[in-house]
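J.: Structure for the following, please:
(chains A and B)
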Amino acid sequence: MTAISDLDTPRDRLHAARAAHLWLALLLVVVSLASLAWGASGTSLWAALAKLARGEPLTQLEAVILWDIRAPRLALGICVGASLAVSGAVMQGLFRNPLADPGLVGVSAGAGLGAIIAIVLGAALPVWLVEITGNALVPVAAFMGGWASTMVLYRVATRGGRTSVATMLLAGIALGALAGAVSGVLVYIADDSQLRDLTFWGLGSLAGATWAKTLVAAPLIALSLGAAMTLGDGLNGLAMGEATAHHIGIPVQRMKNIAILTVAGATGAAVAVSGGIGFIGIVVPHLLRLATGPDHRTLLINSALLGASLLLVADVISRTIIAPAELPIGIVTAVLGAPVFLWILLRRRTMMEL
Amino acid sequence: MLTARNISVTLGHAQVLAHVDFTARAGQLTAIVGPNGSGKTTLLRALTGDVDYSGTVLLNGTDTQGQRPWQLAAQRAVLPQATTMAFPFTVIEVVRIGLTNGTAATHDSRAMQALRRVGLAHYANRFYQELSGGEQQRVQLARVLCQVWAPVEDGAPRWLLLDEPVASLDIGHQLEVMEIARGFARSGGGVVAVMHDLNLTALYADEVAMLAGGRLLAHGTPADVLTDATLSDAYGCALRVNTAPQAGHTFILPHAANLMTENWSAS
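T.: Numbers count the residues shown, from 1 in each chain, chains lettered A, B, ... in the order given. From the prediction side, this is the model:
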């Protein structure tokens, strides 16, 4: 037997991807601290921590800024960033295409429509239903809207286990336009207080973060992301097509249903609390595929970690770059994300089956 | 034993298979042959459960309908005609997906063994999408071999179902792939292959099922099935069966063929 060449030990991206869990978790911790520390007010996290360490009470201003403004914003940012990135990764695996993203193909628009319906028509609901759902009405309605649009999109764009990119993107435009039109009608019939709710919601930022909001969205997001993490093997198999996925032992139909519900749940909850924030779902999985490969068993976890970090960074930029005013976070993510989207499109033009 | 009874398949309004009976035994390589549109691939897809069919398919004595995907995957692996990957997986990563269903962690080195078996160990780190069609097909064969590595497990044979496994390969690699398939059968596993090449069929098959027009025309040893009369009937052209001087195997010489006159005028 000849000496073992390096061919016998193939370069293992799986190990690198597993190591990245740790590095990305560390990054998230660092970014989280930065997000607590920086803001429009001069309140310093370090000064506050030093005070606490010395046993001195915080001033009421410091406590409110750190605990009631920055902390829920941090928690919501982590939830939303992880949701958007994982939704993107799951949709891309489901559609077998790196350009699928909840924001681009109308899922966010559908979820947004659900949220608007809940805000405007919520008043007409029976009182007992409103009492049961309470604060959860808007996120649940957004989930239903996201679920419906994902189902429609999948039915339209996928024939015989193959997804046409052109059909997917065009169907997404149509869905988005339809959702926008219906939303417009609803805005017309909304009364003044509803209009105010709609406007604040539609601004699309983490600015309105409260603990109440976070605690409503977090369970749905946690459930969806937890379910998404079980999809790794299934999405790897699906990369070879539905028939082959079935042949290697994957219950394809059940897996697809879980994937669609996951995307609807995570995107719906994220849209309900933060409006439409784009491109996180495309940029994060794509960067990770470049760095550590497309294996979904690690990609989904890494997407959650990097998505949360990236959204927090975008949020810090959005509230400090023109402080004391605040730039909508959607602008920041679009500036970061749109070039990456174009780059994918140009680089992989030959493989896109357009 | 892989047994299909009274299989009929209707796609749209066209009946593609009508009342086909098919049997493959463990330890043998069973080829499904027939002209284009005869229903070869459809029969294989009925055996794998990829199309809706009427009739029954028994895999090692159990009806495949009603079995869970992972139960089937533990007993049989399927090689499609061609496989595109949606994302930039490397060759070794594609082969490892074949380990998904089994006791993956303990057999990670099996992926490299399988790649060596198909002669592509040096491609382990290449991107699958950058390989030629024939190379991709051999990578997929390695993945399929990973899935049912031991031809016999717990006393029950495992199965390789191959859809035109050599269609995109050059002659040397055609022989290599057929040798792998035959080796799997000789070790106690079962192999069912849809074949386009009648000479390779004659060389490697233990049993041949000949389809034409969605019906089973003949089922038996190559010597029984690959006869002048059956072949001419199935393919609609006069074919002469011959024997190679040294090896003694049956071969079919296409350039000696004449199209039958009624087919000529019909088209």
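
J.: Name the SS class of B:Ala77, please.
T.: strand (DSSP: H, G, I helix; E, B strand; the rest coil).

J.: Could you give the bridge partners of it?
T.: B:Leu160 (DSSP bridges).

J.: what's the burial count for it?
T.: Here the count is done by other CB atoms under 10 Å in any protein chain shown, and B:Ala77 has 27 residues near it. For glycine as for every other residue, the C-beta is placed from the backbone atoms N, C-alpha and C.

J.: residues in contact with it?
T.: B:Ala77 makes contacts with A:247-248, B:98, B:144-145, B:147-148, B:158-161, as judged by CB atoms under 8 Å, 6 or more residues apart in numbering or on different chains.

J.: Same check on B:Leu216?
T.: B:20-22, B:209-210.

J.: Hmm, A:Ile280 is touching A:Leu311, no?
T.: Yes: assessed by CB atoms under 8 Å, A:Ile280 is found in contact with A:Leu311 at 5.9 Å.

J.: what do those two both touch?
T.: A:81, A:84, A:333.

J.: Return the members of these classed as buried.
T.: A:81, A:84, A:333 (16 or more other CB atoms under 10 Å in any protein chain shown).

J.: Per-residue pLDDT of the residue nearest to the second one when sequence neighbours are not counted, please?
T.: Spatial nearest neighbour of A:Leu84, excluding adjacent residues (CB to CB, 6 or more residues apart in numbering or on different chains): A:Ile280 at 4.0 Å. The per-residue pLDDT reported for A:Ile280 equals 90.

J.: could you measure A:Ile280 against A:Ser274, distance?
T.: Distance, A:Ile280 to A:Ser274, using CB to CB, to the nearest Å: 11 Å.

J.: Now do B:Val208 against chain A, distance only.
T.: Separation of B:Val208 from chain A (CB to the nearest CB, to the nearest Å): 24 Å.

J.: To what extent is the nearest residue to that residue once chain neighbours are set aside buried, counted in neighbours?
T.: The shortest distance from B:Val208 to any non-neighbouring residue, by CB to CB, 6+ apart, is to B:Val225 (4.2 Å). Other residues near B:Val225 come to 22 when the count uses other CB under 10 Å.

J.: B:Val225 contacts B:Leu211, doesn't it?
T.: No: the criterion here is CB under 8 Å, and B:Val225 misses it with B:Leu211 at 10.9 Å.

J.: Quick check: neighbours shared by the two?
T.: Common contacts of B:Val225 and B:Leu211, defined by CB under 8 Å, 6+ apart, comprise B:Val33.

J.: End to end on stretch A:126-145, go ahead and measure it.
T.: End-to-end distance of stretch A:126-145 (CA to CA, to the nearest Å): 20 Å.

J.: let me redo that: stretch B:204-213
T.: Its start and end residues considered, stretch B:204-213 measures 25 Å (CA to CA).

J.: same thing with stretch B:72-88?
T.: For stretch B:72-88, the end-to-end distance is 28 Å (CA to CA).

J.: quick check: mean pLDDT across that stretch?
T.: Averaged over stretch B:72-88, pLDDT sits at 91.

J.: now that stretch, how far from the centre of its chain.
T.: When distances are taken as CA atoms, centre = their mean, to the nearest Å, stretch B:72-88 is centred 13 Å away from the chain's centroid.

J.: circling back: which two from the contacts of B:Leu216 end up farthest apart in space?
T.: Largest separation among the contacts of B:Leu216 by CB to CB: B:Asp21 and B:Met210, giving 12.9 Å.

J.: which neighbours do the two share?
T.: B:216, B:219.

J.: More neighbours: these two, which one.
T.: Ranked by neighbour count (other CB under 10 Å), B:Asp21 and B:Met210 place B:Met210 first, with 27 against 13.

J.: distance of whatever residue of chain A ends up closest to chain B from B:Trp70?
T.: Closest contact between chain A and chain B, by CB to the nearest CB, is at A:Gly249 (2.9 Å). Applying CB to CB, the value for A:Gly249 to B:Trp70 is 4 Å.

J.: more crowded one of the two?
T.: Between A:Gly249 and B:Trp70, A:Gly249 has the larger neighbour count (other CB under 10 Å), namely 20 against 14.

J.: ok, and the closest non-adjacent residue to that one?
T.: In space, and not counting its chain neighbours, A:Gly249 is closest to B:Ala73: 2.9 Å by CB to CB, 6+ apart.

J.: can I assume the one you found sits in a helix?
T.: Yes: counting by three-state DSSP, B:Ala73 is part of a helix.

J.: Now look at whatever helix or strand B:Val191 lives in and say if it contacts chain A.
T.: Using DSSP states H and E, B:Val191 falls within strand B:190-194. No: using CB under 8 Å from any CB of the partner chain, strand B:190-194 stays clear of chain A, coming no nearer than 13.5 Å.

J.: Please name every helix or strand in contact with the helix or strand containing A:Ala89.
T.: Using DSSP H and E, A:Ala89 sits in helix A:71-95. Contacts defined by 3 or more CB pairs under 8 Å, 6 or more residues apart in numbering or on different chains; DSSP states H and E place helix A:71-95 against helix A:13-37, helix A:137-157, helix A:211-228, helix A:232-238, helix A:252-274, helix A:280-292, helix A:296-320.

J.: Report how many residues lie close to the closest residue to B:Ala181 other than its chain neighbours.
T.: Spatial nearest neighbour of B:Ala181, excluding adjacent residues (CB to CB, 6+ apart): B:Val191 at 4.9 Å. Neighbour count for B:Val191, taken as other CB under 10 Å: 30.

J.: before we move on, the earlier item: how about the residue nearest to A:Leu84, what does it touch?
T.: A:Ile280 touches A:81, A:84-85, A:88, A:307, A:310-311, A:333, A:337, counting by CB under 8 Å, 6+ apart.

J.: run the last query once more with 6 Å
T.: A:84-85, A:307, A:311, A:333 (CB atoms under 6 Å, 6 or more residues apart in numbering or on different chains).

J.: all strands for the stretch 51-200 of chain B, in order.
T.: Ranges of strands in the stretch 51-200 of chain B, per DSSP state E, counting those that start in this stretch, are B:54-59, B:62-63, B:76-79, B:152-153, B:156-157, B:159-163, B:190-194.

J.: any idea which of those strands scores lowest on pLDDT?
T.: Lowest mean pLDDT of those: strand B:152-153, a mean of 88.

J.: in its sheet, what does that strand sit against?
T.: Sheet pairing of strand B:152-153 (DSSP bridges) gives strand B:156-157 (antiparallel).

J.: re earlier: now distance to A:Tyr188 too, for the helices and strands packed on helix A:71-95, in a markdown table please.
T.: Formatted as a markdown table, the helices and strands packed on helix A:71-95 follow (distance: least, CB to CB, whole Å):
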| stretch | distance to A:Tyr188 |
| --- | --- |
| helix A:13-37 | 38 |
| helix A:137-157 | 19 |
| helix A:211-228 | 27 |
| helix A:232-238 | 42 |
| helix A:252-274 | 21 |
| helix A:280-292 | 31 |
| helix A:296-320 | 30 |
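
J.: Could you tell me the average pLDDT over stretch B:117-133, please?
T.: For stretch B:117-133, mean pLDDT rounds to 90.

J.: do stretch A:104-115 as well
T.: Taken as a whole, stretch A:104-115 carries a mean pLDDT of 84.

J.: ok so, going back, contacts only, for the residue nearest to B:Ala181.
T.: By CB under 6 Å, 6+ apart, the contact list for B:Val191 reads B:29, B:160, B:181, B:184-185.

J.: Give me the subset of these that lies in helices.
T.: Among the contacts of B:Val191, the ones falling in helices (DSSP state H) are B:181, B:184-185.

J.: residue closest to the middle of chain B?
T.: Geometric centre of chain B, nearest residue: B:Ala193, 2.0 Å, by CA atoms, centre = their mean.

J.: What's the separation between that residue and chain A?
T.: In terms of CB to the nearest CB, B:Ala193 sits 15 Å off from chain A.

J.: nearest spatial neighbour of that residue, skipping sequence neighbours?
T.: Spatial nearest neighbour of B:Ala193, excluding adjacent residues (CB to CB, 6+ apart): B:Leu162 at 4.2 Å.
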